[in-house]
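# Got a predicted structure plus its sequence, pasted below:
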Amino acid sequence: MRKGNLKGKLRKIFVGITATGTAIALLPLFAAFEAHVINVTAQIENALAVSADTIDFGTVFPQEHLERPLNVRLSQSFLDEGRVDDVNYFIRQKPKCGITTSGGEVLVAGSTVSGEVFVGTAPASTTPDHTFFQGEGYYVDCGLTPVLAEGQAFGMLPLLCPYISKESVDQNDGDTPSFHQPWTIASSTIVWTDTLGRLAKSEADISDDWIIDLAVPCFGGNCAQDWADFVRRINPDANADDFVADIADEHKVFGCDLWVEVTEVSETPGEETETGVLTVTKLVINNDAGTTATTSFTYTIDSGSAIPFEADGSNSQTLSDGAHVVAEPAVSGYTTTFGGACDAGGNVTVVANATTTCSITNNDNELENGTLTITKVVTNDSEGGPDLTAADFSFAVDGGASTPFEADGTNVISVAPGIYDVLEDAELGYVTTYSNSLNASANCDDLVVPAAGNVTCTITNNDDITTGTITVTKILTNDDGGNNIVTDFALTLNGNPVTSGTPNSGLAPGAYDVSETGPSGYSAVFSGDCDADGDITIAAGESKTCTITNNDIAPNITLIKSVVNDGPGTPGTATPASFTMRINGTHVPSGTSIVVSANFANVINEDALAGYTFTGITGSPECPAVLGGTATLDEGEAITCTIANDDIGTI
């Protein structure tokens, strides 16, 4: 069986049909519907050959009705085989899933898969993770959720299938007009709207010509007045309101997968044999941690070859009427029950010219617990060591509560089948190593415990009192405009460079000095296990921490007022207190300093005073040259700026 791809893109634009004609403007607000039927091919059981050049409808408009040919023929190998004569097949439309970008407007090449349709509500979660689309009374399983790049989305594309028709040129094949539902639900079963076809060598009917056409829909709120007439002309039984495209899907890529599937291959006509259809259905119940999918089960008929189940759990085959036996190979962990027309042993009678259904239900068995064994090995071979025993150590499973080891160093825990992590609480003066019975990893992470199985985690502790560990940590506070970062400070331990937060192990017992160099303008305070000068002492087996906290020091600016009262004529009488000088809008009296933010453009200005003119600003290099200028200071910096004024005088 092969599947073809039908996809299109809805756009609210007016453009020409580049391949076959010119665009005709109908009404404003029409949305163009761009669709493609791509590579509809198949080679099925060496019986059919289905081929078509890529069908590209280009850019089309609402209420257009476009046709493209599709040929289905008997393969050459089938024609050459004398014992077979005719083939019955159907054409089915299925939902398409894919990866899109730009809000669904661009389809990522090579990303599409067929969606499988099931009755009911989609599972809340699956393992591994699947992507679902929930419809009314059904859901579509798009399969495994792929890893997506930024801006990508995965799911079912807006459905193109209802607007695609299959019309046979031959009289002995079926037709399905546009504006139809590709599937419905009856008695809790998916009923497909399939289009049937038949080819027969004995009747010189070896090729079927189909017309695949697209009846272009309109968007909600933008339909022409004759939309209903357009729908009825194509499908008199259709309700036009049911086929108006959702305005939310405007511009998005639409999709539909076209499947051509053989249902029966019969032998060359001879003695007539009555036949019927046997449908074998599969129901898998995974309510006890089972994970086996429907497609992993197979069945046989009359001890023949194993037949895998379809994803929808329904397989049909044509058989001679009479007694047959359906059997299923046993699957570990599942109980099998036959039903429907099959008795408990799978015996079934196929009725001529009718469909007989045999059901097989597989229910996963409740799994037996496994055991997780945690073993403790303590080695005390260092003189002066702690000499702890197994009972002095404890462990946790999956980050749970700490559990002390038994006196003999072996704890056996009954656990449900699953994946577990084991971690030991650290004990001072011991080096800890891990091993497990599953693999060569030096840890006890991701231990898979099977039903009725056992996995062992061994934790070995060897006393080691010859060295200690010091961790130097830098904390940097920039709350006064400072802009330095931790790595701007060089940390040392006895003069050797160290990295903030990284343990320095293998240190001989004794006294150590922690120090730092870095940008000026920061205060430094030692804490943790260091004294105020950064001195720290460790003993064998100890692990200590020294923390250096640096806080940026706020800079300050002092303003000085210089007043010259020298005329001409009658000199002025103003004093420095007569002037209002400002920093960032705040009044600063002469000779006063205020705290400002570092790395910030601080504005220095003053209010004008009648009878006086500004003559300049002098002082530190950071002082501006003019009023309204700015001074930017580093952390902890202090500057003084003098603002000079001269009286204008009166004559």
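Good, I have the coordinates.
# going forward, measure contacts between C-alpha atoms and count neighbours the same way
Noted.
# burial count for residue 202?
When neighbours are defined as other Cα atoms under 10 Å, residue 202 has 12 of them.
# In three-state terms, label it for me.
Under DSSP: H, G, I helix; E, B strand; the rest coil, the three-state class of residue 202 is helix.
# and the gap between it and residue 404?
Relative to residue 404, residue 202 is positioned 82 Å away (Cα to Cα, to the nearest Å).
# Could you pull up the residues touching residue 201?
Residue 201 sits next to 79, 85-86 when contact means Cα atoms under 8 Å, 6 or more residues apart in numbering.
# ok, 10 Å please
Counting by Cα atoms under 10 Å, 6 or more residues apart in numbering, residue 201 touches 74, 78-79, 82, 84-87, 207, 268.
# Give the PyMOL command for selecting the buried subset of the residues you listed.
Selection command for PyMOL covering only the buried members of those, criterion 16 or more other Cα atoms under 10 Å:
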select buried, resi 74+78+79+84+85+86+87+207
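# Take the contacts of residue 201 and lay them out in a markdown table including secondary structure.
As requested, the contacts of residue 201 are exported to a markdown table (three-state DSSP):
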| residue | secondary structure |
| --- | --- |
| 74 | strand |
| 78 | helix |
| 79 | helix |
| 82 | coil |
| 84 | strand |
| 85 | strand |
| 86 | strand |
| 87 | strand |
| 207 | strand |
| 268 | coil |
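# want to throw the contacts of residue 201 into a markdown table with distance to residue 104?
As requested, the contacts of residue 201 are exported to a markdown table (distance: Cα to Cα, whole Å):
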| residue | distance to residue 104 |
| --- | --- |
| 74 | 39 |
| 78 | 43 |
| 79 | 45 |
| 82 | 51 |
| 84 | 47 |
| 85 | 46 |
| 86 | 43 |
| 87 | 40 |
| 207 | 38 |
| 268 | 50 |
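# quick check, nearest of the contacts of residue 201 to residue 339?
Distance to residue 339 across the contacts of residue 201 (Cα to Cα) is lowest for residue 87, with 30.2 Å.
# Surely that closest one is in contact with residue 264?
Yes: with contact defined as Cα atoms under 10 Å, residue 87 reaches residue 264; the gap is 5.7 Å.
# Identify the contacts common to these two.
In contact with both residue 87 and residue 264: residue 198, using Cα under 10 Å, 6+ apart.
# so how far is the longest helix along the chain from its chain's centroid?
Assignment by DSSP state H gives helix 227-234 as the longest helix of the chain. From the chain centre to the centre of helix 227-234 is a distance of 42 Å (Cα atoms, centre = their mean, to the nearest Å).
# can you check stretch 400-414 too?
Averaged C-alpha coordinates place stretch 400-414 at 38 Å from its chain's average position (Cα atoms, centre = their mean).
# Straight-line length of that stretch, end to end?
Stretch 400-414 has an end-to-end distance of 15 Å (criterion: Cα to Cα).
# Could you pull out the buried residues of it?
Across stretch 400-414, burial judged by 16+ other Cα under 10 Å covers 404-406, 409-411.
# could you give the mean pLDDT of that stretch?
Mean pLDDT, stretch 400-414: 96.
# before we move on, what about stretch 578-598?
Mean pLDDT, stretch 578-598: 96.
# Check stretch 520-529 too.
Mean predicted lDDT for stretch 520-529 stands at 96.
# who touches it?
Contacts for stretch 520-529 (Cα under 10 Å, 6+ apart): 470-478, 482, 484, 514-516, 531-538, 543-555, 598, 634-637.
# Neighbour count says what about those residues? Which are buried?
Counted by 16+ other Cα under 10 Å, the contacts of stretch 520-529 give 470-474, 476-478, 482, 484, 514-516, 534-538, 543-555, 598, 634-637 as buried.
# In contact with residue 602, which residues?
By Cα under 10 Å, 6+ apart, the contact list for residue 602 reads 557, 583-585, 596, 623-624, 628-633.
# Could you export the residues you listed as TSV, including distance to residue 313 and neighbour count?
TSV is the format used below for these (distance: Cα to Cα, whole Å; neighbours: other Cα atoms under 10 Å):
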residue	distance to residue 313	neighbour count
557	82	22
583	81	22
584	77	14
585	79	12
596	75	23
623	84	24
624	83	21
628	82	15
629	81	14
630	78	19
631	78	22
632	75	18
633	76	23
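# Mark which of these are part of strands, please.
Among the contacts of residue 602, the ones falling in strands (DSSP state E) are 557, 583, 630-631.
# which one of the residues you listed sits closest to residue 419?
Checking those against residue 419 with Cα to Cα, the nearest one is residue 631 at 62.9 Å.
# which residues does that closest one contact?
By Cα under 10 Å, 6+ apart, residue 631 lies in contact with 557, 583, 598-604, 620-625, 639, 641.
# gap between the residue nearest to residue 340 when sequence neighbours are not counted and residue 101?
Counting by Cα to Cα, 6 or more residues apart in numbering, residue 340 lies nearest to residue 358, which is 4.8 Å off, once chain neighbours are set aside. Distance, residue 358 to residue 101, by Cα to Cα: 44 Å.
# Run through the strands of the stretch 151-300 of the chain in chain order.
Counting by DSSP state E, counting those that start in this stretch, the segments of the stretch 151-300 of the chain that form strands are 153-156, 164-168, 175-176, 183-186, 189-192, 195-200, 207-215, 253-267, 275-285, 298-301.
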